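Q: give me coordinates for this.
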Amino acid sequence: MVRLKTRYILFQLRYPDFEDTKTAKNVQPKTLISILRASMSKNFGDIGLSETLNAFTIKYFSNSTSVGILRVHCDAVEKVLGAMFFVSSVDGKNVIWDSIGVSGSISKCERRAIQINRRILRDGKNNENVDDVLDIFI
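A: Okay, the predicted model is just below:
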């Protein structure tokens, strides 16, 4: 019996429009999967799409930090990264799909995601405090 080898892609959705970052917090993992499948079909055809059907799920996605972990088949990692590059909008909002890293084990991806989430939340708290201070002077 042959073992199915998978890879885990750590990604982050970045919103270039500052107004969209506060309103784009309701992204569903099912929506992201359907957008990626559409991009795979458009850019790599039916054969490229069929390579990702076996192991193609989002294992983790946080709406507060827009960081997620995607599980893909080992042979389709490059095509999925290419499909991510061509995605330009999610739910009508401009988005940049940034791949942070690829790992063979989910535990390493989770550790990296925790570090990134902490950094984002820490920086976000500092930015909110700065905005509160600036609102006093305006």
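Q: how many neighbours does H73 have?
A: 18 (other Cβ atoms under 10 Å). Using the backbone N, CA and C atoms, a C-beta is placed for each residue, glycine as well.
Q: swap in S99?
A: 15.
Q: ditto for the one 5 residues further on
A: By the criterion of other Cβ under 10 Å, G104 has 11 neighbours.
Q: may I have the beta-bridge partners of R14?
A: I96 (DSSP bridges).
Q: buried residues in stretch 114-126?
A: 116-117, 120 (16 or more other Cβ atoms under 10 Å).
Q: so which of these sit within strands?
A: The strands, defined by DSSP state E, take in nothing from those.
Q: could the residues you listed be laid out in a markdown table, adding pLDDT?
A: Formatted as a markdown table, those follow (pLDDT from 0 to 100):
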| residue | pLDDT |
| --- | --- |
| I116 | 85 |
| N117 | 82 |
| I120 | 78 |
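Q: out of those, which is nearest to Y8?
A: The closest of the buried residues of stretch 114-126 to Y8 turns out to be I116 (Cβ to Cβ; 14.0 Å).
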